[in-house]
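[1] just need the structure, nothing else, for what follows:
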Amino acid sequence: MDALRNRERILEIAKGAFTRHGADASLDEIAKQASVGAGTLYRHFPTRDALIEAVYRSEVEKLAAAGRRFAAAMPPIEALRAWMLLFVDYIGAKHIIAPAFNSVVGGPSRLYEGSRSLVQGAIDELVKRAKKSGDLRRDLDASDLLRAVIGVSHVGSGPEWQQSARRLVDILIAGSRSAEKGR
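    Prediction:
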C-alpha cells in the first residue's frame, strides 16, 4: 500500500514539476517534494521518459475512470456533459505539459496512441447510455462528438480559451439532443 501511495504521490508531484519546468524538471527535486528517496523514484520510474509517460497515462486513466464514475452518479446527458467539460480541462493540462512529452523517445504520438482507446471507450459508453435514455439523437456518433470537443479545445490559446471551449461543449450538447427531449 505504501508503494502505491508513493507512486501516486510521485506522479502528482511530477505532473506539477513537468508543467512548470518542462522535461528538464529535476528528478531529485520531484523525489524530495514527494517525500521519497531518489532510489524509490527510480525503482518506480527507471528513466525520465518512464516518469513522463506514467504521468500522461495516469491522467488518461483518471479521465476514463471519471466517465464510469459520472455514469454511475448522474443522469446520462449530465454525465456526458460533465465528462466533456473534464476532457476540455484535460486538453488544457496536456497543452501545458506537452513540451515534456516532446522529449520522450518516439515523440508524443507514441504516448497518444495508447490513450486513444481509453478516451474513445469512455465517450462511447457515455454516448450509448445517453442515446438509450432518449437524451441524444440516434444518428450521433461518439467519435464525431469527441472530434468536435478536441476541435473546440484547440481553437485558441488565449486566457479565455477554456471558458469558450466550455460554452461550446454546451452548444454541442444542445445540438446533439434528440427531438423527443427537446433542445
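
[2] what's the helix or strand harbouring residue 4 in contact with?
    Using DSSP states H and E, the element containing residue 4 is helix 2-21. With CB atoms under 8 Å, 6 or more residues apart in numbering as the test, helix 2-21 has contacts from 25-26, 29-31, 33-36, 40-41, 44-45, 51-52, 54-55, 58-59, 93, 96-97, 100. For the C-beta atoms, the positions are set from N, CA and C on the backbone; glycine is no exception.

[3] let's see that with 7 Å instead.
    25, 29-30, 33-34, 36, 40-41, 44, 51-52, 54-55, 58, 96-97, 100 (CB atoms under 7 Å, 6 or more residues apart in numbering).

[4] which among the residues you listed end up buried?
    With burial judged by 16 or more other CB atoms under 10 Å, the buried subset of the contacts of helix 2-21 is 25, 30, 33-34, 36, 40-41, 44, 51-52, 54-55, 58, 97, 100.

[5] out of those, which two sit at the greatest distance?
    Maximum pairwise distance among those (CB to CB): 22.6 Å, between 40 and 97.

[6] once you drop chain neighbours, what's closest to residue 138?
    residue 131 (6.1 Å; CB to CB, 6 or more residues apart in numbering).

[7] residues near residue 19, how many?
    Residue 19 is flanked by 16 other residues according to other CB atoms under 10 Å.

[8] packing partners of the helix or strand that contains residue 143?
    In the assignment (DSSP H and E), residue 143 maps to helix 142-153. Using 3 or more CB pairs under 7 Å, 6 or more residues apart in numbering; DSSP states H and E, the elements in contact with helix 142-153 are helix 76-101, helix 107-132, helix 161-176.
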